[in-house]
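# what's the 3D shape of this:
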Amino acid sequence: MQKYMIERDVPGAGAMSDLEAREAAKNSNSALAQLAPRVQWQQSHVAGEKIFCIYLAEDEVAIREHSELSGIPITAIYPVDRVMDPASAKS
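Residues are numbered from 1 along each chain as shown. I've put the predicted structure just below:
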């Protein structure tokens, strides 16, 4: 499966309450259950008015289906070519 970074413009995302965040995660999980094993959600990062999500998926179509089922919009989908971290500096 390919790793993807999903960019989502979500007004007020950074100000979501814990309850709102739980409900969004529940909607996402419900959609994932319908699409399994074609798409998997790894994690999301909320920053201001945006949410950046990491998914494993067979293709972008599966990610777009997840968006439709969950009601969570997509601004852009980026295939991840490489993951880098501090350990990347070691040979």
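# So the residue nearest the centre of the chain: helix, strand or coil?
To find the centre residue of the chain, average its C-alpha atoms and take the closest one (CA atoms, centre = their mean): that gives residue 53, at 2.9 Å. Per DSSP: H, G, I helix; E, B strand; the rest coil, the local secondary structure of residue 53 is strand.
# contacting residues around the closest residue to residue 52 other than its chain neighbours?
Using CB to CB, 6 or more residues apart in numbering and skipping residues adjacent in sequence, the residue nearest residue 52 is residue 45, 4.7 Å away. To be clear about C-beta, it is placed using only N, CA and C from the backbone, and glycine gets the same treatment. Under the criterion of CB atoms under 8 Å, 6 or more residues apart in numbering, the contact list for residue 45 reads 51, 52, 53.
# Next up, identify which helix or strand residue 45 is on.
Residue 45 is part of strand 39-47, with elements assigned from DSSP states H and E.
# partners of that strand, with directions?
Note on strand 39-47: by DSSP bridges, its sheet partners are strand 50-57 (antiparallel).
# Could I get the buried residue list for the partner strand?
Of the residues in strand 50-57, those buried by neighbour count under the rule 16 or more other CB atoms under 10 Å are 51, 52, 53, 54, 55, 56, 57.
# As CSV, these with pLDDT would be great.
Written out in CSV, the entries for the buried residues of strand 50-57 read as follows (pLDDT from 0 to 100):
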residue, pLDDT
51, 97
52, 98
53, 98
54, 98
55, 98
56, 98
57, 98
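# Could I get these in JSON lines, plus columns for distance to residue 1?
Supplementary listing: the buried residues of strand 50-57 in JSON lines, determined by distance: CB to CB, whole Å:
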{"residue": "51", "distance to residue 1": "21"}
{"residue": "52", "distance to residue 1": "19"}
{"residue": "53", "distance to residue 1": "15"}
{"residue": "54", "distance to residue 1": "12"}
{"residue": "55", "distance to residue 1": "9"}
{"residue": "56", "distance to residue 1": "4"}
{"residue": "57", "distance to residue 1": "6"}
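# what residues are up against the residue nearest to the centre of the chain?
Applying CB under 8 Å, 6+ apart as the definition, the contact partners of residue 53 turn out to be 5, 6, 8, 41, 42, 43, 44, 45.
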